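K.L.:
Sequence first, predicted coordinates after that:
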Amino acid sequence: MWQYIIRRIIYAIPVLLGVNILTFLLFFVVNTPDDVARMQLGAKHVTQRMIDDWKTMHGYDLPLFYNAEQHSITKTIFWQKSVNLFVFDFGISDGGRDIKQAIKERYGPSLAIAIPALIIGLLVNVTVAMLLAFFKGTYLDSWGVILCVMLMSISVLFYIVGGQYLFARVLKWVPISGYADGWSSFKFVLLPIAVSVVGGIGAGVRWYRSFFVEEMNKDYVRTAKAKGLSDTTILFKHVLRNAMIPILTGIVVVLPLLFMGSLLLESFFAVPGLGSYTIDAIRNQDFAIVRAMVYLGSVLYILGLLLTDISYVMVDPRIKLQ
Amino acid sequence: MPIILWTDALIYLLLAILIWLIITTARKDFMRAQWRKAYGSPIKMIALVILIFYTIIGVVDSLHYIPKLGTNSEGKPIYAAKINSVLDWLLKPNSEQLETSYSPPFATELFNKEMIKEESGQISWTAVRLKYVTEAKILPLLIKGVTYGLIAWLIVFTIAWLIFVKWLKFSFPRGSPWRVATYTLLAICILSAVCVILAQHYHILGTDKIGTDIFYASIKSIRTGLVIGTLTTFITLPFAILLGAMAGYYRGWIDDIVQYIYTTLSSVPAVLLIAAAVLTMDAALQRHETWFNLMAQRADIRLLLLCCILGLTSWTSLCRFVRGETLKLRELAFVQASRALGLDSMQIIIKHILPNLLHIILISIVLDFSGLVLAEAVLSYVGVGVDPSMYSWGNMINSARMELGREPIIWWTLTGAFVLMFTLVLAANIFADGVRDAFDPRMN
């Protein structure tokens, strides 16, 4: 087991290096640091001197790959800006703030929305999916599936806008947007969580329903029925447990990514999390932050894949890692 | 003067391939039987007809020309600095920007009163009449619309009947979904005729902040949605199939490299990768302003590049499927037999393996479509979507969401985008389910 985990971590290194090179190519080769500087300073009335100053200030005044003057590869943009990401040294943003500090401050609000949304969404989806699968072949099931397809055809933007309009403006149950520290944040996170759950119902229920239906068609269910077990006992004791395996292992892969927050929800509801941090960076064309987030995101995704493999072993003793 | 934009050319190509596919599959009985399953129920048939209707609008909107303004003193024509499409011409009065601000659907006056300085120097708030609205009676227009719709339906019906029944020798037994198709067609014809007739006299969905007709804007957005939904997959399809098939067939170091590429690409969160790529693309385009004569050409290139970028993140899953399937196929007897007979590897891949991958490719194309249309809206909100000057549902939602904070509320700007987008995505989802049920062997 440990051997497997260590090997997987070693395998992750070339992938992360690839991500690094990819972002490096995107940000420094397609666009030279001069372009970045010009964009940050505004397109008009920029002198070469201003560009050079900006580059020196943000550490972009080095050669790309090899510093011929000092005969070193560490005094280059690639080393300073990309390789340093490996040790989670994100440096300063193009706006001049420390990125690591910002991440530390902002992951709390992100998790405050992402974790409850995931748990409630999972409970709701599994319950509804089980209900539909239990009544398979009836009108409840077929209309339920049609409703799911309709729900999934609505853009998440409409859920957000509609939710804000209905619950915050017409009914005035919750504030439209904003955030507060500690427990007083409860009323602020309520609506984003609800929107996230409702927005995920369509796709989630349909997907989980297929797991339940697949499980119900298996032989052991027929045997259980032949033994005289009631439908509800079969459903809760046998089918639910087996169908939860793909559902839970499917969830594990996104667990680390919860840390990154949701771009749309946080930005619409003005939550100071990592999602809105990223979106602001994209809008302000702050390449340093986007680069850090790309790297962080891929590390978390690879971590998620590793956790998925481990969780397979934990829930299904037939699987052996090698 | 006709002009062909890059995305236009690709759309024509795609359309040609589609028509060729339809004709070749229509000749093969077993293919027809499979497709019949894909549109076999009334609801799937309705979805298919709606999709075809959207496609026609998209294609009509892809026939572009530069309007002529007149002739100069030497008799040479002067062209406008914008690009119109045949659809603009069909929806003529709507495509011209006449109003200045918000107005609700069927309104005769602007939503906000404007400050007007009278000659005596007094300032007064008065309601401004809309320049466009003719205040014609609605009922006669409705009747006119329904009549035109019926006529249009008759024409389309006759043509379709001539093509399918007379030429291609289709047979339609009683109770077949084709009956539903004709009803759907009738409904679409009447609805669109009524809308177009009414839209010549009123803003049927109101106008937005800068006075653009919402009905017009949402219709124009159809093309953008379709382009993103189809071209993205279309552009990356050759790479995904070829790399996947080669990785699965040759294994060894080729497999390692292909796997490494798609693991790396898919390990970056999709939105971030797209954002990063679009940001760099923007900067690159900014440096080369002089490449494009017209703004529409620039917007078009941006759209095409956006498709490529979206494709960069979405091809990995198809590639993975293709590789897995090829791994299975290469061990089968017929592939081994052709190897024993001395066919070289590339021939085996193209002649024997690719045809057996078609169902995976087809399913992945239709399944990706709706997701990509929805993604466009989100990306435009994030600020890395299509060009702001281009009509798209994402841009419409983006510009409308701020207005929900107003009192009284401006709701109509979102309605147009919502209705058209929802219809398209729903139809695509239902159709995709039909295709998957028909072609996925696991579903049978």
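P.N.:
The structure has been received and is ready for your questions.

K.L.:
For B:Leu272, list the residues it contacts.
P.N.:
Residues near B:Leu272 by CB atoms under 8 Å, 6 or more residues apart in numbering or on different chains: A:278, A:290, A:293-294, A:297. The C-beta positions use only the backbone N, C-alpha and C, and glycine is treated the same way.

K.L.:
Please repeat the previous calculation with a cut-off of 6 Å.
P.N.:
Going by CB atoms under 6 Å, 6 or more residues apart in numbering or on different chains, B:Leu272 touches A:293-294, A:297.

K.L.:
could those go into a markdown table alongside neighbour count and distance to chain B?
P.N.:
Shown next, in a markdown table, are the contacts of B:Leu272 (neighbours: other CB atoms under 10 Å in any protein chain shown; distance: CB to the nearest CB, whole Å):
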| residue | neighbour count | distance to chain B |
| --- | --- | --- |
| A:Met293 | 27 | 6 |
| A:Val294 | 25 | 5 |
| A:Gly297 | 24 | 4 |
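
K.L.:
and the closest residue to chain B within the stretch 1-150 of chain A, how many neighbours does it have?
P.N.:
At 3.7 Å from chain B, A:Gly18 is the closest residue in the stretch 1-150 of chain A, using CB to the nearest CB. If you count neighbours by other CB atoms under 10 Å in any protein chain shown, A:Gly18 ends up with 18.

K.L.:
And A:Ile5, by the same measure?
P.N.:
Neighbours of A:Ile5 under the rule other CB under 10 Å: 13.

K.L.:
B:Val156 too?
P.N.:
Around B:Val156 there are 16 residues (other CB under 10 Å).

K.L.:
In TSV, list the contacts of B:Leu272 along with secondary structure.
P.N.:
Shown next, in TSV, are the contacts of B:Leu272 (DSSP: H, G, I helix; E, B strand; the rest coil):
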residue	secondary structure
A:Met293	helix
A:Val294	helix
A:Gly297	helix
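
K.L.:
Nearest to B:Phe106 among those residues?
P.N.:
A:Met293 (46.3 Å; CB to CB).

K.L.:
Is that closest one in contact with A:Tyr277, as I believe?
P.N.:
No. A:Met293 is not in contact with A:Tyr277 according to CB atoms under 6 Å; the separation is 7.9 Å.

K.L.:
which residue packs closest to B:Ile360, ignoring adjacent ones?
P.N.:
Spatial nearest neighbour of B:Ile360, excluding adjacent residues (CB to CB, 6 or more residues apart in numbering or on different chains): B:Phe321 at 5.2 Å.

K.L.:
Does that neighbour lie in a helix or a strand, and which?
P.N.:
helix B:295-329 (DSSP states H and E).

K.L.:
That helix: what's the following helix or strand?
P.N.:
Per DSSP H and E, the helix or strand that comes after helix B:295-329 is helix B:333-340.

K.L.:
Tell me the residues of chain A that contact chain B?
P.N.:
A:15, A:18-19, A:26, A:30-31, A:35, A:149, A:153-155, A:157-158, A:161, A:165, A:263, A:279, A:282-283, A:285, A:290, A:293-294, A:297-298, A:301-302 (CB under 6 Å from any CB of the partner chain).

K.L.:
can you pull out the strands in chain B?
P.N.:
In order along the chain, chain B carries the following strands (DSSP state E): B:2-3, B:64-65, B:68-71, B:77-79, B:84-85, B:114-117, B:123-126.
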